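[1] what's the 3D shape of this:
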Amino acid sequence: MIISVLILIFVGASAWEFSVAFCRSLLLTYSKVELSARVREVIGAGDGAPEAGDFNRVLTMVRLAPDPGDDRMEIAAVRLYHGLVRLAGLFASPLSARISRWFDSELSRCSYFAAVTLDRRLATAPE
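    Predicted structure coming up:
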């Protein structure tokens with residue numbers, strides 16, 4: 001019985017680690033893509049990148065844009081990651097300003113992912 005529980009814990013921890021690594025690699029890949037002026041205007045980012053708090057608003061715009069059907073899994077993974085990082089940030093941010101900045105940076109990367117996804121969907125949409 002104990003061996004079964006240990007195996008379950010190991011598998012769960014491995015799946016968790018893989019999921020976080022997958023989301024972080026997605027965010028890193030999407031952070032290398034430059035946003036078009038059209039999307040910057042649509043999301044109200046001006047010359048800068050979207051902020052940490054813009055994720056849900058930009059993701060709503062993504063849902064309204066034409067769906068190419070190939071990014072659902074990525075959006076779901078980043079949405080879950082965003083929620084977990086946000087929850088962890090609520091508990092850990094009061095501990096240090098450095099930790100708070102890291103969580104804010106991760107949330108901003110999630111917002112940038114949503115903006116790039118919106119940009120990609122609008123680029124493939126018929127005018």
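[2] Tell me if I'm right that residue 20 and residue 81 touch.
    Yes. Under the criterion of CB atoms under 8 Å, residue 20 makes contact with residue 81 at 7.1 Å. No exception for glycine: its C-beta is placed from N, CA and C like everyone else's.
[3] These two: who's more crowded?
    residue 81 (22 against 14; other CB atoms under 10 Å).
[4] Poorly predicted segments of this protein, please.
    Residues of the chain meeting the criterion pLDDT under 70: 46-47, 125-127.
[5] Point me to the helix or strand that includes the residue nearest the centre of it.
    Centre of the chain computed as the mean C-alpha position; nearest residue by CA atoms, centre = their mean is residue 110, 3.0 Å away. Following DSSP states H and E, one finds residue 110 within helix 97-124.
[6] And residue 69, by the same measure?
    Counting by DSSP H and E, residue 69 is found in no helix or strand.
[7] and if you look at residue 20?
    helix 2-31.
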